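Colleague: Only the shape, not the letters, is given here:
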């Protein structure tokens, strides 16, 4: 059902913005935001526990320990809740799938080739896919070692010293990787805007994520229904289903 004649947005949803493409739904943005806040809380409280001068300045060690433990336990919660969103599930499938052009992206990255044509990418480039997989695995290991430190008798054959060592080393690795993640985000204002508003400039998407637009041949872009490449007509029904990039629903 359309709100008015000539409008491509279903009733009750916001219309597409001229010249912009829907990249993330509200559900996807809230998953990212909530995960980021919990990760930041983990890192800040960890710093307050790890560095002596900072621990003395903040005090309240028991409170810092409690906040650190529970923010770590809740870290997977946004992702689990996000599974109720079809768009978020679609993005997880994209992140879990390496295409042929992703290998080209990695080869170009090794050679420091920065031209967009040298680094073809779908909705997520190969670097983002590797980052997502690595950080997901790291969080699981951090939770496991954290629980071993919290409940010392959970697995008696694993010493608490070993758990602390792995937890500390991986915490440093996560901090360094997150700094790199934030640096890349700082260098790309349009990507940050897409995560804040859900929309990105179509020219930016064409330049940096051309395969994404090719993989989404049907959808709503710039307030007009795009034509299917085979029949040249507006497509309805099954083939016109909304995508994670250009859907007209909000989660």
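Modeller: Good, I have the coordinates. Only a predicted model underlies this, so the values are computations on that prediction, with no experimental measurement involved. Numbering: from 1, shown residues only.
Colleague: What is whichever strand or helix holds residue 170 packed up against?
Modeller: Secondary structure assigned from DSSP states H and E places residue 170 in helix 160-186. Applying 3 or more Cβ pairs under 8 Å, 6 or more residues apart in numbering; DSSP states H and E, one finds that helix 160-186 contacts helix 26-50, helix 126-150, helix 189-197. Backbone N, C-alpha and C define where each C-beta goes, glycine included.
Colleague: With distance to residue 209 and mean pLDDT added, can I get the ones you listed in TSV?
Modeller: Converted to TSV, the helices and strands packed on helix 160-186 look like this (distance: least, Cβ to Cβ, whole Å; pLDDT from 0 to 100):
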stretch	distance to residue 209	mean pLDDT
helix 26-50	15	94
helix 126-150	10	92
helix 189-197	10	94
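Colleague: For residue 81, find the nearest of those helices.
Modeller: Closest of those to residue 81 is helix 26-50, at 7.3 Å (criterion: Cβ to Cβ).
Colleague: can you pull the buried residues of the helix or strand just after that closest one?
Modeller: As assigned by DSSP H and E, the chain's next helix or strand after helix 26-50 is helix 52-58. Neighbour counts over helix 52-58 (16 or more other Cβ atoms under 10 Å) mark residue 58 as buried.
Colleague: just checking, what packs against helix 52-58?
Modeller: Counting by 3+ Cβ pairs under 8 Å, 6+ apart, helix 52-58 packs on helix 26-50, helix 61-73.
Colleague: repeat that for 7 Å
Modeller: helix 26-50 (3 or more Cβ pairs under 7 Å, 6 or more residues apart in numbering; DSSP states H and E).
Colleague: I'd like the distance from the helix holding residue 170 to the chain centre, please.
Modeller: 17 Å (Cα atoms, centre = their mean, to the nearest Å).
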